[in-house]
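Visitor: Give me a model of this one.
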Amino acid sequence: VIACESIGVLSEMASKIIKNNKLDDIVKILHKNFSALAVGPDLDRPADLLVAEIVDCSLLSEGVLETIADARNRLLARGAAIIPRSAVIYAMPVESAELNAEQRVATAAGFDLTPINDILPHTYRQVDLNHYAWRALAVPTELFRFDFATATPTADECSFRLIPIADGTAHAVAAWFRLE
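Guide: Numbering: from 1, shown residues only. The predicted structure is shown next:
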């Protein structure tokens, strides 16, 4: 098993854990960025399996599509298994006066910060809805589906239809993904 970790302290910790569990004869941690891995100096042969944990709360911001496509082209044997195999992104509008109030700014130390509220609808943040009172305004809708064995990064756009289930004010769009 060859693993790579670009963050030094995490690479060192992983190596220590591997050694403490007497697996250092079969698991090797390389302190390098994935893009620097190569068949030859790092891998004896193309890999039969890729396990990639390069997702964030929006799935795509850490470059999972680009990274896995690169691995398929440079590092994997034909027909290699990829974990995760696929992903689906869902979204739905939600009403939550409590979340809306918390996500707004007013003043701090005497400064009027309200102009920040103009950009908030154009940003995303990871929020655990379990900490807020909220209700769905539409059924969860599939936005994107990716098969990592074939997916390539593109600038494609899509449209989708939200099916309302309640009247209300959409304070946020809840988005999540499922990995297979």
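Visitor: So Leu30 sits against Asp42, correct?
Guide: Yes: at 6.1 Å, Leu30 and Asp42 qualify as touching, with contact defined as CB atoms under 8 Å. Every residue, glycine included, has its C-beta placed from N, CA and C.
Visitor: Give me the common contacts of these two.
Guide: Common neighbours of Leu30 and Asp42 (criterion: CB atoms under 8 Å, 6 or more residues apart in numbering): Ile2, Cys4.
Visitor: So which bits of stretch 124-132 are buried?
Guide: The neighbour-count check on stretch 124-132 (16 or more other CB atoms under 10 Å) flags Val127, Tyr132 as buried.
Visitor: what does it contact?
Guide: Asp56, Cys57, Ser58, Val94, Ser96, Glu98, Leu99, Glu102, Gln103, Ala172, Ala174, Ala175.
Visitor: Let me know whether the last one touches Ile89 as I believe.
Guide: Yes: checked against CB under 8 Å, the pair Ala175 and Ile89 is within contact range at 6.6 Å.
Visitor: Quick check: neighbours shared by those two?
Guide: Counting by CB under 8 Å, 6+ apart, the contacts common to Ala175 and Ile89 are Leu143.
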